[in-house]
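In: Build me a model from this:
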Amino acid sequence: MKNNLSLYVHIPFCVKKCLYCDFLSFPANDDLIKSYFEALRREIVISSPEFVDYDVRSIFFGGGTPSFVDAKEICDTLCLIKQRFNVSADAEISIEANPASAMREKLFSYREAGFNRLSIGAQSLNDDELKKLGRVHDSRMFYETYENARKAGFDNINIDIMSALPDQSLESYLATVKKVISLKPEHISAYSLIVEEGTPFYDMELSLPSEELDREMYHETKSLLAESGYHRYEISNYALSEKTECFHNKVYWKRGNYLGLGLGASSMVKNTRWNNITDMGQYKRTFESDAALDYKENVQELSKEEQMEEFMFLGLRLVEGVDLDLFKDCFDRDIYDVYSETIEKYIGMGLLETYDSLNENGNMAHKLRLTDRGLDVSNTVMADFLLT
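Out: Below you'll find the predicted structure:
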């Protein structure tokens, strides 16, 4: 039986960085973009033989802003991946798009090339809020992108929205949520703004909503989406059906194998983590010859303790929680031998609960999950599952 694998392809280019963005991304001219894709395709050719025994179940083009670059570069890269890797016929193939650059013809090209899931970064449908975020699109561009995506044949669309923005009121935020719901996308990701060190926002005096207002936005989001038929399957992610849950992201949360391609992309295969080099000049030089130099950094073979930690604090992000029998299969230890004190503590506080459900094979599975109250304070609970 072949192993499963997911691919992440990093496109680090954008018109300009948003004021809150801490991702590896930057503006670039046509020459730099062209040379980057040449290097990226060399990486695909060089790395693929190592994964001949893997079935690729999902591919995700992220950034940066993949829709910023010429669609031909994107589509040619996907075509090469399909030639070099064993891509499953039913693989989920996603691309992120910014409404300012996701032109109609690009969306049609993506769909024709085989992309079957589109993630649109709306963040807000209030033009004043978008300006304060440093976004390069407005709400009109978003609506045009969504309409064109439907015309191109995308029937699995995610919309990203953000709460707790500078000067944002509850009314303004909920107006965005309701407008997004009215479009009936298959998936909605609803995140609260986090001001990260190293971003322009970090050094600015911002008028951010209070913690109480942030919590109210969070609870209203849950209520509105539930009333509209969206079920929450992860702390910040909602889908209309199990079929439209993001398969690729669930691979991360369930600690599946994934290979990152491109500048700075992260990988985790068979409990070994690494990331690609982050210097653009070095990355391009690395793939100029057939015998590529070492391009992996921070290679780490995870210890059993680190694997168990990740199993818990990633798995508990999912509303379904973690499978207790799978824990034992993976680590040859009963979960209560490792975490009994922590589990009993939070069950007693009403933040964790055990339950039984049928798994994919129709067998009864014993699971542990955060309660609704537990999901509200998930970071506190999950931190207690650290062993090292």
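In: going forward, measure contacts between C-alpha atoms and count neighbours the same way
Out: OK.
In: and His187, what is it in contact with?
Out: Residues near His187 by C-alpha atoms under 8 Å, 6 or more residues apart in numbering: 156-159, 230, 237-240, 244-245.
In: distance of it from Asp155?
Out: Distance of His187 to Asp155, computed by C-alpha to C-alpha, to the nearest Å: 11 Å.
In: what secondary structure does the residue nearest the centre of the chain sit in?
Out: Taking C-alpha atoms, centre = their mean as the criterion, Asn249 is the residue nearest the geometric centre of the chain, at 5.1 Å. The three-state assignment at Asn249 reads helix, by DSSP: H, G, I helix; E, B strand; the rest coil.
In: wait, what's in contact with it?
Out: Taking C-alpha under 8 Å, 6+ apart, one finds nothing in contact with Asn249.
In: Check what pLDDT it gets.
Out: pLDDT, Asn249: 98.
In: Likewise for Glu360?
Out: pLDDT at Glu360 comes out at 72.
In: now do the one 4 residues further on
Out: In the prediction, the pLDDT value recorded for Met364 is 84.
In: In this structure Ile161 contacts Ala190, no?
Out: Yes. Judged on C-alpha atoms under 8 Å, Ile161 makes contact with Ala190 at a distance of 5.0 Å.
In: Give me the common contacts of these two.
Out: Shared contacts of Ile161 and Ala190 (C-alpha under 8 Å, 6+ apart): none.
In: so what's Ala152 closest to, chain neighbours aside?
Out: Phe108 (4.9 Å; C-alpha to C-alpha, 6 or more residues apart in numbering).
In: Distance of the residue nearest to the centre of the chain relative to Cys21?
Out: Counting by C-alpha to C-alpha, the gap from Asn249 to Cys21 is 20 Å.
In: can you check Asn275 too?
Out: Counting by C-alpha to C-alpha - Asn275 and Cys21 are separated by 19 Å.
In: for the nearest residue to Gly374 once chain neighbours are set aside, what are its contacts?
Out: Spatial nearest neighbour of Gly374, excluding adjacent residues (C-alpha to C-alpha, 6+ apart): Leu351 at 4.0 Å. Under the criterion of C-alpha under 8 Å, 6+ apart, the neighbours of Leu351 are 370-375, 381.
In: Columns secondary structure on top of those, output as a markdown table?
Out: Shown next, in a markdown table, are the contacts of Leu351 (three-state DSSP):
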| residue | secondary structure |
| --- | --- |
| Leu370 | strand |
| Thr371 | coil |
| Asp372 | helix |
| Arg373 | helix |
| Gly374 | helix |
| Leu375 | helix |
| Val381 | helix |
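In: which parts of stretch 349-360 are buried?
Out: 351-354 (16 or more other C-alpha atoms under 10 Å).
In: Please work out which residues outside stretch 39-58 touch it.
Out: Under C-alpha under 8 Å, 6+ apart, the answer for stretch 39-58 is 2-7, 77, 80-81, 84-88, 90-94, 247-248, 261-262, 283-284, 286-288, 290, 292.
In: Cool, thanks, signing off.
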